[in-house]
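> just a sequence and a predicted model for now, questions to come.
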Amino acid sequence: MHASTTLLHSIKASDDEVARLLLSPDGRLLAAGDHTTITLWDTTRGSLQSTIEDKDDMFFGLAFSPDNTSIAAATDEGHGRIWSTATGELKQTVTVDDERTLSLAFSPDGKTIATGSELIRIWDVDTGELQHILTGPGDRKLSFSAIYYGHVWPSEIWQVLFSSDGKKLVSVCPEAHCVRIWDTETWTLDKTILGQEAGISPDDTHLAVQVNDTTIQIYRTLDGQLQRTLEDTEKKFASFTFAPDSKVIATYSGREIMLWNIESGELIKTLEDPERKVSAFSFSPDGKILISGTRRCGLRVWDVESGACLVMLEHDDGARDVQSSRGYITGPPAFDVLLEDGAGKVALAFPDGTVRIWDIEWSQDP
């Protein structure tokens, strides 16, 4: 296997540190956000397309619509705002009073959006109408469980994600250690699971739930039945992602990336970074390549079959961890990847507000 990287653009995305990056589903746009501003960039030309600013609010989660025409942001003041990606014009605002909105996700058909605050709410994208409020046993408005910087915050939903077929919605409340599976036809609760992070397999058949630092459990998405437990008491799982075939799950801990067979629970292979601790990763659609980000803003390209590191980029002018903007955010994200078969783009933010975009290509050796 051979791989190469080409630096396409280096752009000044913010005067402050970029807090989150997100590539659009078609890879043509990059959203770079600090706390109050989102800039949208054309990834082909490296040019600024539009600027979205709200000095009175703080942005949390970002999401592109499936058709790439809209971008949404969850905000500290309880809003979910939707803008046009072409013009930056505000198209829709949905509001939850007296709660922070921390996460959101578009349904696969782009017609509805789910927001996570203290409860999950389902909204019509076009009209802004509230369609459903999802509640389960024990939900209540003043169930406080966390103290940060002297303030008491309620148990809040930091992650919402739809299955690719749109039939299930998964929510995660890390403070309450609660993962829930919802049926989107009836908008009723299917299952409550103990956990702090979740991910759905590409074929929608499995749900992975990180229970704690050493345990990940695999459930059937259809009925929430536990299928397998992956456990390593000697190492701490920082995060995980499914391979495209939905048969393998990758975890990382320190400088190691571990590949597991989800049917047998067997550890298949370990990829070890020779220099840095791993902070984020993503598979290519064909499953042959894995891209990882490291501490101090490094990038790696791995051959999954052989375990060889094909490309190693170091950037010591970056002083913080590279973390993925997709899924539950545990720190300041600065990394996103969008890969197709044989090629893709990687975006990486640096502490001075600069963002670099690389083109990555790979192929079998002749």
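Here it is on my side, so go on.

> for the rest of this, base every contact and every neighbour count on C-alpha atoms.
OK.

> quick check: phi and psi on Leu62?
The phi and psi values for Leu62, taken as degrees, to the nearest 10, are phi -120, psi 150.

> what bridges to it?
Ala73 (DSSP bridges).

> how many residues are close by it?
26 (other CA atoms under 10 Å).

> how near is it to Gln225?
Distance, Leu62 to Gln225, by CA to CA, to the nearest Å: 31 Å.

> which of the helices and strands in this structure ranks last by mean pLDDT?
strand 144-148 (a mean of 39; mean pLDDT, DSSP states H and E).

> so where is this structure shaky, pLDDT-wise?
Counting by pLDDT under 70, the low-confidence segments of the chain come to 137-154, 295-297, 315-335, 366.

> how about the helices in it?
Using DSSP state H, no helices are found in the chain.

> dump the residue contacts of the closest residue to Gly88 other than its chain neighbours.
Closest residue in space to Gly88, ignoring its immediate chain neighbours: Ser50 at 5.4 Å, by CA to CA, 6 or more residues apart in numbering. For Ser50, the contact set (CA atoms under 8 Å, 6 or more residues apart in numbering) comprises Thr39, Leu40, Trp41, Thr85, Ala86, Thr87, Gly88.

> test my guess that the third one contacts Ser24.
I take that to be Trp41. No. Between Trp41 and Ser24 there is no contact under CA atoms under 8 Å: 10.2 Å.

> what's the overlap in contacts for the two?
Leu30, Ala31.

> chain neighbours aside, what residue packs nearest to Ser246?
In space, Ser246 is closest to Ser201, 5.4 Å off (CA to CA, 6+ apart).

> who's in contact with that neighbour?
Neighbour list for Ser201: Leu207, Ala208, Phe242, Ala243, Pro244, Ser246 [criterion: CA under 8 Å, 6+ apart].

> now do the phi/psi pair for it.
The phi/psi pair for Ser201 (degrees, to the nearest 10) is phi -70, psi 150.

> what about Gly78, how many neighbours?
So Gly78, with other CA under 10 Å, has 21 neighbours.

> could you measure it against Ala19, distance?
For Gly78 relative to Ala19 (CA to CA), the value is 19 Å.

> ok, now Thr354?
11 Å.

> so for the two, which sits in the more crowded spot?
Ala19 (24 against 18).

> quick check: closest non-adjacent residue to Thr115.
Leu104 (4.3 Å).

> need the contact list for the one you found.
Leu104 touches 61-63, 72-74, 80, 113-116, 159-161, counting by CA under 8 Å, 6+ apart.

> looking at these, which is nearest His177?
Gln159 (12.0 Å; CA to CA).

> beta-bridge partners for the closest one, please?
Going by DSSP bridges, Gln159 forms beta bridges with Val172.

> just to check, it is in contact with Glu175?
No. With contact defined as CA under 8 Å, Gln159 does not reach Glu175; the gap is 11.7 Å.

> who has more neighbours out of the two?
Between Gln159 and Glu175, Gln159 has the larger neighbour count (other CA under 10 Å), namely 27 against 18.

> from Gln131, how far out is that one?
Distance from Gln159 to Gln131, by CA to CA: 19 Å.

> near Pro274, how many other residues are there?
Neighbours of Pro274 using other CA under 10 Å come to 10.

> what's the closest non-adjacent residue to it?
Per CA to CA, 6+ apart, closest to Pro274 is Arg255, 7.4 Å.

> do Trp362 as well
Closest to Trp362 by CA to CA, 6+ apart is Ala3, at 4.1 Å.

> ok, back up a step: and the contacts of Leu104, which two are furthest apart?
So, the contacts of Leu104 by CA to CA: farthest apart are Gly80 and Leu161, at 15.4 Å.

> which of these two has more neighbours?
Gly80 (30 against 24).

> still on that earlier bit, are any of the contacts of Ser50 buried, and if so which?
Those of those that meet the buried threshold are Thr39, Leu40, Trp41, Thr85, Gly88, by 16 or more other CA atoms under 10 Å.

> among these, which two are most distant?
Trp41 and Gly88, at 11.3 Å, using CA to CA across the buried ones among the contacts of Ser50.

> that older thread, nearest to Ser306 among the contacts of Ser50?
Distances from Ser306 to the contacts of Ser50, taken by CA to CA, are shortest for Trp41, at 35.6 Å.
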